[in-house]
Every structure is written in structure tokens, then in C-alpha cells.
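**Q** Output the structure for:
(2 chains)
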2 protein chains.
Amino acid sequence: MRISDYFPVWNQLTLQQQDLLEQSAVYSSASKGEVLHNGSTDCLGLLLLCSGQLRGYILSEEGREITLYRLFERDMCLFSASCMLQSIQFDIQIQVEKDATFWIIPPDVYKLLMEQSAAVANFTNQIMSTRFSEVMWLMEQVMWKSFDKRLADFLLQESVLEGTTHLELTHEKIANHMGTAREVVTRMLRYFQQEGLVSLSRGAVDLLDEPGLRNLSRK
Amino acid sequence: MRISDYFPVWNQLTLQQQDLLEQSAVYSSASKGEVLHNGSTDCLGLLLLCSGQLRGYILSEEGREITLYRLFERDMCLFSASCMLQSIQFDIQIQVEKDATFWIIPPDVYKLLMEQSAAVANFTNQIMSTRFSEVMWLMEQVMWKSFDKRLADFLLQESVLEGTTHLELTHEKIANHMGTAREVVTRMLRYFQQEGLVSLSRGAVDLLDEPGLRNLSRK
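**A** Residues are numbered from 1 along each chain as shown, chains lettered A, B, ... in the order given. Okay, here's the model as predicted:
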């Protein structure tokens, strides 16, 4: 496992910069459920994902969560090194959703590379734009889509991610993803069940009518 | 009026890059109310504000608005050139709030500078992070703060921006800023009036009890 196979603008680095990255990056792993980064309380470094799945989320004072984005193989996580980016004024938590392996690049090393290399700086920009776009999408969902549409969207997305229509998700967990209360989720899921869109069992939701859910999400 | 006085990393550009900027940037002005940039339908260029005030906002399919951020003297507006940033997948509108003068930098020129200069790329990154942080703040407001707190926050902020407790704002306009319906704003303002926090007159809101509003916003 070499970082040269994963770092996106590797060929645009000087030999010296490549050496620096190879010597400073640490290959590591973490298990499902682990919190890798906890807001402003740590500055772990940049994560370059080799396998598994991470999620970035925010946390309210009352402990409510909302998922902002997911990271997959070859994605880079900037916000676990947000200490490096002075203009970032918000705290994101990063949790492992599927057992993961990744490179950790120290924040000071990455910062140096950004200052030296326009290619690294522009790549960073591109990641930031992508995350920003994901958050804007979510914001529009929250502001302008009613909850039935959002929940239908969420179930369909989960089904694509997991590759199955049998979703092992508690109402609590769905509520955390969507930044809402468990009761709201339970109520809407029961409505979906009555409509024949899903069937509910303990700790799981089965999608019965995907075209119906898609219709709802498009409404 | 020279762009060298306004462009933030001017001294880190080569002479050739400085020439390019001076020859391609256009000095322009616009009046209050004008829409300078309309989502993905144009790619005006980067705006470097010399005077006045702009606001960036998003628009729902039903025509509802929500203000994302404000731009003041020396601020740079990236999103009026979002065609340049492939990873930006959302549309922002830019409107003049106070008569403005600004430099317009063509998107292809700025893109070239970003590719050549790590300083320009990192500066761009910093603007993006700042805007991203503003949107995250708003998102947390929307998700987790109830409307009374948000409205109190908004009135206090406006009062600071305008330098007066007499705010010439219709309920309609406040509703547009906050992405909500006029009726919701009217109802909450009447509640504030009953509580002695504000007094309402045609097209204006006067703040009577700023400490009280601050208390509410902190709740």
C-alpha cells in the first residue's frame, strides 16, 4: 500500500515533496463506530481513504446530529485537519461507518505542500467546493423540501449505498442522520407503511415500492 | 482606482500576472436592487468590491429566498464565476444591497492565475472556507434554533450593519432574508412588540430593547 497510488496530484509534486509525503504520512485503520475526529478538540490530519466509509456530521448542543456527507475510497477528508484552515469556523465530527483503512497526512506537512504547490492548493479547493455543494444541497432539502420527500430521498440513497432494499436502521439512527426527532421519523415511516411504500420491523426498514418512493422524492 | 490597491495577494504575483490582471479587469458599478449574477445562467467573473454592499442568496423553485452572506468593501465574490469551479454544484444569486463599485475579473484569467500561483489558489481557498463557514452557521441556525431566536439575531445584526435601531424593513423583506413566509415573520414581530422588544410601523421595525433581544438570541 503506497501513498503514491492514492494521492491525487502525486505526479505534479516535486521529488522532494513526494519524499516528504511518503515519510510523514501514516497508514492506519479504524473500526465501524469509531469517532476519528471530534470538532475542534483535535487536529488529527488529512485522511486519505483507502477502503471503508466515513461520515461527516455536525452535532447540536443538545446532542442532535445531522449527516453532512459521506466519504468513500480515494476521498480525502479536509475537516479532520481544519486547524490548518484558519477560515473554517465550524466543527465537524468524523465517524467510521464501515471498517476503514486510510493514510493520515500531518496538517503541517499538507499546509506546506499547499503553500508550495498550486496543484495541491487547487486540489484542496476542489474538495472544499465538493463538500460545500453537498452541504448546500442538504440546506435546500431542509429549507424547502418537506419531511416526507427528504425521508424518501434518504431511504433511496441508503438503499443504493448498501446495495439492498433491506435497511438495518433504527428510527433513532435515521433521526440522527436527518437532524430531527425520533418521533417525527416513526410517524412518517408508519405513514409510508400504510401507503405500502415500506415495511417496518424491529431495527429495520424494507423498501417495498421504490418507484413510489422516487415519485414522492420528486414531488 | 487601481486593482493593485484591492487585489489581496498582489505582491505575490509576477509582473506578467500583474499586467494580465490590470489589462483584463474591468471597473464597473451597479445600483441598489440590481441582480448582478443569476445562478448558472451567466458567468460574469469574479467581483472585487470597492464600495457598497452585495448579498448572496439562494432561490427555491417557488421563488422563496434565503440570504447566505453579505459582501462588503474589499470582499471578493467567487460565486459570480462559479463556472470556473467545476465542483460547485449549486446556484447563487448576487444582488446589490447598497450602490456598489467593483472590479470584474474574467473567469478564464482568474483560473489561469490560480493554476499558476499557489498564493492565488490558497487565497481562493480561504474565501471559499469563509463562505462555507457562513453557510454552516446559517444551517445550524435553521436546524437547531427556533424562529424567535433567529429573528432576534437577524434584527440585532441588521441594526449593527445599518448603525441604527430604526430598521427600514418590510415583513416581506425579512421573510425573504430568512427563507420563511411573511405571515411567520409578522406573527413573531407582533409577539416581539407585545413583549416590548420592538415597535412596528409601516415598512419599519424599531428596536426598543436590545438587551432583551440579545437574551432571546442567546437562549
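
**Q** how about stretch A:60-74, does it get close to chain B?
**A** Yes - counting by CB under 8 Å from any CB of the partner chain, chain B has neighbours in stretch A:60-74: A:60-62, A:64, A:66. Backbone N, C-alpha and C define where each C-beta goes, glycine included.

**Q** Quick one: buried ones out of the residues you listed?
**A** The neighbour count (16 or more other CB atoms under 10 Å in any protein chain shown) marks A:64, A:66 as buried among these.

**Q** Narrow the residues of stretch A:60-74 next to chain B to those in strands?
**A** The strands, defined by DSSP state E, take in residue A:66 from those.

**Q** The residues of stretch A:60-74 next to chain B: which two are farthest apart?
**A** Pairwise distances across the residues of stretch A:60-74 next to chain B peak at 13.3 Å for A:61 and A:66 (criterion: CB to CB).

**Q** which residues in chain A form helices?
**A** If DSSP state H is used as the criterion, the helices of chain A fall at A:15-24, A:107-116, A:118-144, A:147-162, A:171-178, A:182-194, A:210-218.

**Q** now the fourth one against helix A:118-144, angle please.
**A** Spelled out, that is helix A:147-162. Helix A:147-162 and helix A:118-144 meet at an angle of 140 degrees, taking axes from the mean of the first three to the mean of the last three CA atoms, to 10 degrees as the criterion.

**Q** which of the residues in helix A:147-162 are buried?
**A** Neighbour counts over helix A:147-162 (16+ other CB under 10 Å) mark A:148-156, A:158-159 as buried.

**Q** For these, give me a markdown table that also has distance to chain B and pLDDT.
**A** A markdown table is the format used below for the buried residues of helix A:147-162 (distance: CB to the nearest CB, whole Å; pLDDT from 0 to 100):
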| residue | distance to chain B | pLDDT |
| --- | --- | --- |
| A:148 | 17 | 83 |
| A:149 | 12 | 84 |
| A:150 | 12 | 85 |
| A:151 | 16 | 91 |
| A:152 | 17 | 92 |
| A:153 | 16 | 90 |
| A:154 | 15 | 91 |
| A:155 | 20 | 94 |
| A:156 | 19 | 94 |
| A:158 | 20 | 91 |
| A:159 | 22 | 94 |
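
**Q** Pop the domain breakdown of chain A in here.
**A** By the assignment in automatic domain parsing, chain A contains the domains A:3-142, A:145-218.

**Q** what about those domains, which gets the closest to residue B:104?
**A** For the domains of chain A, the distance to residue B:104 is smallest for domain A:3-142, at 20.8 Å, taking CB to CB.

**Q** Mind pulling up the pLDDT for the residue most central in space within chain A?
**A** Central residue of chain A (CA atoms, centre = their mean): residue A:70, 2.2 Å from the mean position. Residue A:70 carries a pLDDT score of 89 in this model.

**Q** and it, how far is that from chain B?
**A** Taken as CB to the nearest CB, to the nearest Å, the spacing of residue A:70 relative to chain B amounts to 16 Å.
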